[in-house]
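*Asks:* Need coordinates for the following:
(chains A and B)
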Amino acid sequence: MRRNLPMYYRSLRHPEGIAALCGLLLMLASAPAVSSSEVDPAVLDAEAARIAVMDKAKDAVLAVFARSGQGGGSGVVISPDGYALTNFHVAKPCGNAMKCGMADGQLYDAVIVGLDPTGDVALIKLFGRDDFPAAEIGDSDQLEVGDWCFAMGNPFLLATDFQPTVTYGIVSGTHRYQYPSGTLLEYADCIQTDASINPGNSGGPLFDAQGRLIGINGRASFEKRGRVNVGIAYAISINQIKNFLGYLRSGRIVDHATLGATVAADEDGRVVVSEVLRQSDAYRRGLRYDDEIVSFGGRRIATPNAFKNVLGIYPKEWRVPLSFRRDGTRYDVAVRLRGLHGEQELIDKAAGGRRISPMPIPKPGDKPKEEEPKPGEKRGPKPHEIPVPVPIPGGDHPKIAKPKPKTPMPEIVKKHFQQKRGYSNYYYNKLNRSRVYDAWIAQGNLEGLAASWKFGGKLPSGGDYRFELRDDAADLKLPSIEYPWTAGDDLADSLDPPQSGGLLPALYLWRRLAVTGPESFGEVYYLGTVALARQDIARQDVWADVLVGLHKGAECRFFFDPADGRLLAMEMFPEDDVDPCELLFTEEREVDGRRMPGRIEARIGDDLYGVFEIEEYTFGDTKRENQE
Amino acid sequence: MMNRILTPLLLIAAFAATACAGSMTGGPVTDTLDRVQPNVVKIYGAGGPRGLEPYQSGVLLSAEGHILTAFSYVLDTDYITVTLLDGRKFEAKLLGADPRIEVAVLKIDAADLPHFELNDAVEVDPGTRVLAVSNLFGVAAGNEPASVQHGVVSVKTRLAARRGAFETIYRGPVYVLDVATNNPGAAGGALVTRRGELVGLLGKELRNSLNNTWLNYALPIDQLRESVEAIRAGRFLTERQQQPQNKPDRSLRLDLLGIVLVPDVLQRTPAYVDQVRAASPAAEAGIRPDDLVLLLGERLIRSCHALREELEYVDFEDRVRLTVLRGRDLLEMALQYTAENE
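*Replies:* From the prediction side, this is the model:
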């Protein structure tokens, strides 16, 4: 506690020294500044812990640039092989190849993988290492308002040495809804924070106090001061991104979902259906006008915003639990979500209309454009302009259209990029399609099963059944009746056996995928990952890799176990807007060195068509059959 | 001699130790927010000129539904609605407002509501960590909780008294905050300590017109208490408490006072003075065109119609006190009609 004050000794002899000393002490007494030896150790420990967390987190953070060096935003690496997340509105203006600076001071080449224009997310892949520092993925549903959090990134493009800027604040709100601009950049179920997020932070990570990734920053509310943070910004929740991650890996331009119905609040505050589309799965599951929505996606729905929040976190084609009430009776169903956009519409939106391109900095006093609320929607707060990267003062403004690439695409990126309509990067779709298909064939040893497939057993009611699947036909023999089926030009023409929704064509297509492979089946693409549990989607217990196959007018979805490659289930849609024939494959067993399902459950709509316990498989002799 | 040095040094150490304990480590505030959020309400009313947002925040003061908020353009309508944390919507009445402090009290018809006790509010020192709970930017709707921002109190000081600097009527003490509260919708929100004690009421968006900077501030509760009590005691109300008493045989009229108001064309036209007749009681008292009449005595005047109606209860020979808003200044003037004026 003793302080070294040489003046003290001098002051003993000089009165003016004493006065000066008292003055100094008065100053010290009134100034709250203290040396570190007098600060509560708990404070120093907290500070040291914070520094350690941030020091580790910064390694995964990216400064994202177009390959011409212009513009920019932020991103974050999520796996050591180099997959990284950013905003769609950051990636899109960069084009297909971009450059990413990391805290090690290096600049890495990256290629676009998947795009989610509605949700404003993009997946990219960095090259040059197989041990990139990656962020630890958190759980955004565990967040509570008031929790500390921090953002890292490149606001105002200050990070010329790629050391990210850190800003620190609290979670101001959870499960917030921010209206889209048109239908894009909707931030549903997002995290609100007062950590400073500014133009340039877009696409970068929001971490919790332990350094786990909880969100991707991308929007803020602006008003009278133009595009600078005023204490309120939004991050896409990591849990939403987890739902889309498989879809993004598929290299496609992915779409968000609609229920096929709109909801609004009535005078009593209940959330009721204001419109429902006849062709939608919601309608087929029984939803009608004026039904009250009780819960959706496992969450109690008390406001239209809460409904939009649930809808916004799911990709299209997911099945999500829905509970609704009519005249006092409650109905619990699982609804297939439709796409929000048509195919061409989504491609156009992803191509980036002027609306989402970088814009000049608005002058003070500029107000964002007012948007008309859609019918049935309660009038919400004004949608605010999309924050876009701001160039360094004196630098070029990012161009409105795609940047003219004066620099050619790097070789490494060219090797990992393939253009195809509807895809952001077809290369990754082919990659995952092969991965899933090859894993299936390998684990089941299904190579070379080109001859006919015969299998059968006993029916629950007694009596035998027998299926035979061939290259162009399939049939089912039951004790009293036989259903021969031939593959015509449009598989929807004949959906035998009756009431099954197309069991024979479905089984036919199952064999076809195994026998012909993804190149010859018809068009086959990798969809992404889907949570398979039906009534309990909110827990996301069981995930599947999904391949979609199109053949003769029918669309099939094949669900594979990501861990071992097994085919778990399939759905066959003979045409749009009908219930598919669903098959569940269980009780695998070995047959001649192959692994085949021992049990096939067939469902159509809400009904179980039949359960087939398979006692015996016979695979025809290819040579003999070819000679016949 | 040693004491002269050691004592101040010990004082420094003691100060540092107490300042550091507890509040600076900043543990989770979930429990605090569980208690505070139900006391904060979302208020929806009128939009302002140039597209100003039609919403703001408020705090519950009583179980029966008295709500404290900022006296702003949002309340300038007969249709004010309030949404509670549990999502229930109520029609709210403007009970009264003190235009000198720029606070208002609303009333909704409810019971057993969670609320702040104004008497339990605390004063805090600069450096105190605080939370601002408000519906800034109207982000929360229905049963969604208001937004929470963090920061510290920077200083307690008077708003610049220099005329025209800050665009405010109130010039008294405020907490200047290092929290980004000056945003649409934040006015009327709650400023609390991390333990949930009420400290102040978030202020309106306030600009210093000389340097175009915006101030984050809150009105200390100790500055508001008197006004709130006055309103609840029957002053500054918009309506008469008792049923209309007998009107005097001859009551005061605007033309007797020499005041011509602007044409009453809106549903509720604010009581702006258009012309003042020369040598009239109004001219002598100093009323000028463009003055906005806010108070007649202690009655809050919300419209031309209200002013005319209130005057009907005043005997023509009685002295009246008018409080007017001229630019950013509140001026109180006494008017007296005498027969000689005719």
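*Asks:* in what helix or strand does A:Gly528 lie?
*Replies:* Per DSSP states H and E: A:Gly528 is located in strand A:523-531.
*Asks:* which residues are contacting that strand?
*Replies:* A:243-252, A:254, A:315, A:317-318, A:429, A:432-433, A:436-437, A:513, A:518, A:537, A:540-550, A:557, A:559, A:562 (CB atoms under 8 Å, 6 or more residues apart in numbering or on different chains). Placement of C-beta: from N, CA and C, glycine included.
*Asks:* Just the residues you listed: which are in helices?
*Replies:* Secondary structure defined by DSSP state H assigns A:243-249, A:429, A:432-433, A:436-437, A:513, A:518 of these to helices.
*Asks:* can you count the residues close to the residue of chain A found nearest chain B?
*Replies:* Chain A approaches chain B most closely through A:Gly231 (2.5 Å), counting by CB to the nearest CB. The number of residues packed near A:Gly231 is 26, by other CB atoms under 10 Å in any protein chain shown.
*Asks:* Taking the ones in helices among the contacts of strand A:523-531, please make a ChimeraX selection of just the buried ones.
*Replies:* Command for ChimeraX, covering only those of these found buried under the criterion 16 or more other CB atoms under 10 Å in any protein chain shown:
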select /A:243,244,245,246,247,248,249,429,432,433,436,437,513,518
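*Asks:* Would you point out which residue is most central in chain A?
*Replies:* With distances taken as CA atoms, centre = their mean, the residue of chain A nearest its centroid is A:Phe244 (1.7 Å).
*Asks:* Could you pull out the helices in the chain for me?
*Replies:* Just so you know, I chose chain A. A:6-13, A:15-30, A:41-57, A:88-94, A:238-249, A:281-284, A:304-311, A:343-350, A:411-415, A:426-444, A:503-520, A:622-627.
*Asks:* that's the other chain; I wanted chain B
*Replies:* Under the criterion DSSP H, chain B contains helices at B:2-20, B:30-36, B:221-233, B:254-257, B:281-285, B:304-311.
*Asks:* Could you tell me the least trusted of those helices?
*Replies:* Set side by side, these give their lowest mean pLDDT on helix B:2-20, at a mean of 48.
*Asks:* Check whether A:Lys125 really touches A:Tyr83, as I assumed.
*Replies:* Yes: applying CB atoms under 8 Å, one finds A:Lys125 in contact with A:Tyr83, separated by 5.5 Å.
*Asks:* any shared contact partners between these two?
*Replies:* A:Val113.
*Asks:* For the two, indicate the residue with more neighbours.
*Replies:* A:Lys125 (25 against 21).
*Asks:* Let me know the distance separating the more buried one from A:Glu411.
*Replies:* 15 Å (CB to CB, to the nearest Å).
*Asks:* And A:Val263, by the same measure?
*Replies:* Distance, A:Val263 to A:Glu411, using CB to CB: 51 Å.
*Asks:* And for A:Gln344, the neighbour number?
*Replies:* Neighbours of A:Gln344 (other CB under 10 Å): 10.
*Asks:* hang on, I meant A:Ser461
*Replies:* 6.
*Asks:* now do B:Leu85
*Replies:* For B:Leu85, using other CB under 10 Å, the count is 21.
*Asks:* pretty sure it contacts B:Val40?
*Replies:* Yes: contact criterion CB under 8 Å: B:Leu85 and B:Val40 qualify, at 7.1 Å.
*Asks:* shared neighbours of those two, which are they?
*Replies:* B:Ala146.
*Asks:* ok, what's across the strand from A:Leu584?
*Replies:* A:Leu584 has these beta-bridge partners by DSSP bridges: A:Ala569, A:Glu601.
*Asks:* ok, it to A:Ile600 distance?
*Replies:* A:Leu584 is 7 Å from A:Ile600, by CB to CB.
*Asks:* higher neighbour count, these two?
*Replies:* Counted by other CB under 10 Å, A:Leu584 and A:Ile600 do not tie: A:Ile600 has more neighbours, with 25 against 15.
*Asks:* Excluding chain neighbours, what is closest to that one?
*Replies:* A:Phe612 (4.6 Å; CB to CB, 6 or more residues apart in numbering or on different chains).
*Asks:* got the contact list for the one you found?
*Replies:* A:Phe612 neighbours (CB under 8 Å, 6+ apart): A:457, A:465, A:467, A:599-602.
*Asks:* Neighbour-wise, which one of these leads?
*Replies:* Result: A:Ile600 is most packed of the contacts of A:Phe612 (other CB under 10 Å), 25 neighbours.
*Asks:* Thought A:Glu317 was touching the residue nearest to the centre of chain A, still the case?
*Replies:* No: applying CB under 8 Å, one finds A:Phe244 not in contact with A:Glu317, separated by 11.9 Å.
*Asks:* So what's the residue count around A:Ile412?
*Replies:* If we define neighbours as other CB under 10 Å, then A:Ile412 has 15 of them.
*Asks:* That one: what's it in contact with?
*Replies:* Contacts of A:Ile412 (CB under 8 Å, 6+ apart): A:109, A:127-128.
*Asks:* List buried residues within those residues.
*Replies:* A:109, A:127.
*Asks:* Now the contacts of A:Ile412 in JSON lines, please, with extra columns for distance to chain B and pLDDT.
*Replies:* Putting the contacts of A:Ile412 into JSON lines (distance: CB to the nearest CB, whole Å; pLDDT from 0 to 100) gives the following:
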{"residue": "A:Asp109", "distance to chain B": "38", "pLDDT": "96"}
{"residue": "A:Phe127", "distance to chain B": "40", "pLDDT": "97"}
{"residue": "A:Gly128", "distance to chain B": "40", "pLDDT": "96"}
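*Asks:* The contacts of A:Ile412 in strands, which ones?
*Replies:* Mapping those onto strands (DSSP state E) picks out A:Asp109.
*Asks:* which among the contacts of A:Ile412 gets closest to A:Leu44?
*Replies:* Comparing those against A:Leu44 with CB to CB places A:Gly128 closest, at 38.6 Å.
*Asks:* if I read this right, that closest one contacts A:Leu107, doesn't it?
*Replies:* No: using CB under 8 Å, A:Gly128 is not in contact with A:Leu107, being 9.3 Å away.
*Asks:* Could you list the low-pLDDT ranges of the stretch 51-200 of chain B?
*Replies:* Along the stretch 51-200 of chain B, the parts satisfying pLDDT under 70 run over B:161-165.
*Asks:* Please, where are all the strands along it?
*Replies:* B:55-60, B:66-70, B:80-83, B:89-98, B:103-107, B:129-134, B:147-158, B:173-178, B:190-193, B:198-202 (DSSP state E, counting those that start in this stretch).
*Asks:* Of the ones you listed, give the one that comes closest to A:Val43.
*Replies:* strand B:129-134 (12.6 Å).
*Asks:* Pull the distance from that closest one to the chain's centre.
*Replies:* Counting by CA atoms, centre = their mean, to the nearest Å, strand B:129-134 is centred 18 Å from the centre of its parent chain.
*Asks:* For A:Glu292, list each beta-bridge partner.
*Replies:* Bridge pairing for A:Glu292 - DSSP bridges - gives A:Val272, A:Arg325.
*Asks:* wait, doesn't it sit right on A:Ser274?
*Replies:* No: at 11.7 Å, A:Glu292 does not count as touching A:Ser274 under the criterion of CB under 8 Å.
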